[in-house]
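K.L.:
Starting from these lines, generate the structure:
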Amino acid sequence: MTGDWVLFAPMRLETWALRRALPAGAPIRRTGTGLARAARAASRHGDASALAVAGIAGALSPALRPGDLVVATEVRLADGGAVLLCPTAPMLAGALRRRGLTVHLGPVVSNRRWVDGAARTRLAATGALAVDTESAALLAGAADRPVACVRAIADGPETPLYRPGTLLRVVCALRALARVGPALAQWAGANPEPEVPLAGACSCGTGAVRERTTSVEDVCLTLPKERRPR
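P.N.:
So this is what the prediction gives:
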């Protein structure tokens, strides 16, 4: 690492989706899931000029639908501790909206495991919009460097995790994630190549996906091992 920006993506499928539209040679790094792996990955990029995180997450608000994006205005740990502010969030959100994406601005909270039920309700009461298991650890050492966090929604209060239809909602989130790369490269001051979105519209709110280009078989092979709560 030589001082360039770095984009963290926890899971293999997230990395694959993001890489489709990033400039050749963009510094995307797969970190693995969970706070411990995230902290180890972040420690290897202490000289990066800017840090960004992108991946899928769970919604805490019923207003968010699968495939929506959350651009974090702040990132914090569910267990408390320092809150990391993301002052460039409105600029990044604007760039994503200009690409036709549905974007929400608000806090993202990182928990030690995926949440559902009462745990989701408890975190929603803090005002956070989305929950993941890595962002706070990946950005904790940012100090005064620019930071960004973008999360695509895969589940929520009305579309719980580990229920029928979860796989299709994850595919919907990955489609949205595949369109995030150019805006992040622009945010970091890079020169992005033309956007290469996954084809087809997604209507995951009704449980249907049209013109699927992401392989469901690939998702089935990869996702259960990587998303299992600890």
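
K.L.:
Pairing partners for the helix or strand hosting Gly58, with directions?
P.N.:
Using DSSP states H and E, Gly58 falls within strand 51-59. Sheet pairing for strand 51-59, assigned by DSSP bridges, gives strand 6-9 (parallel), strand 130-132 (antiparallel), strand 147-155 (parallel).

K.L.:
Make a markdown table out of these and add mean neighbour count and distance to Leu123.
P.N.:
Using the backbone N, CA and C atoms, a C-beta is placed for each residue, glycine as well. As requested, the strands paired with strand 51-59 are arranged in a markdown table below (neighbours: other C-beta atoms under 10 Å; distance: least, C-beta to C-beta, whole Å):
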| stretch | mean neighbour count | distance to Leu123 |
| --- | --- | --- |
| strand 6-9 | 26 | 22 |
| strand 130-132 | 28 | 6 |
| strand 147-155 | 28 | 13 |
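
K.L.:
right, and these - which one's nearest Cys86?
P.N.:
strand 147-155 (5.5 Å; C-beta to C-beta).

K.L.:
so for the closest one, what's the average pLDDT?
P.N.:
Mean pLDDT, strand 147-155: 96.

K.L.:
ok, now stretch 89-99?
P.N.:
For stretch 89-99, mean pLDDT is 96.

K.L.:
wouldn't Ala128 be in contact with Val108 here?
P.N.:
Yes - the pair Ala128 and Val108 passes the contact test of C-beta atoms under 8 Å, sitting 6.4 Å apart.

K.L.:
In terms of neighbours, single out the busier of those two.
P.N.:
Shown here are Ala128 and Val108; by other C-beta atoms under 10 Å, Val108 has more neighbours (27 against 23).

K.L.:
Distance-wise, check the more buried one relative to Ser135.
P.N.:
Val108 sits at a distance of 6 Å from Ser135 (criterion: C-beta to C-beta, to the nearest Å).

K.L.:
Quick check: neighbours shared by the two?
P.N.:
Common neighbours of Val108 and Ser135, using C-beta atoms under 8 Å, 6 or more residues apart in numbering, are 72, 75, 149, 151.

K.L.:
Now do the helices in the protein.
P.N.:
Assigned by DSSP state H, the chain shows helices spanning 12-19, 35-43, 89-97, 117-124, 135-139, 166-177, 181-187, 216-227.

K.L.:
Out of those helices, flag the one nearest Ile28.
P.N.:
helix 12-19 (5.8 Å).

K.L.:
Give the bridge partners for Thr159, please.
P.N.:
Thr159 has these beta-bridge partners by DSSP bridges: Gly156.

K.L.:
In stretch 30-49, which residues are buried?
P.N.:
The neighbour-count check on stretch 30-49 (16 or more other C-beta atoms under 10 Å) flags 30-31, 33-35, 37-39, 41-42, 45, 48 as buried.

K.L.:
Next, the distance between the ends of that stretch.
P.N.:
Criterion C-alpha to C-alpha, to the nearest Å; first-to-last residue distance in stretch 30-49 is 18 Å.

K.L.:
swap in stretch 25-32?
P.N.:
For stretch 25-32, the first and last residues are 20 Å from each other (C-alpha to C-alpha).

K.L.:
heads up, I number from 338, so please use that
P.N.:
Will do, 338 is the new start, and the previous item becomes stretch 362-369.

K.L.:
For Ala396, find the nearest of the strands paired with strand 388-396.
P.N.:
Comparing the strands paired with strand 388-396 by C-beta to C-beta, strand 484-492 comes nearest, at 4.7 Å.
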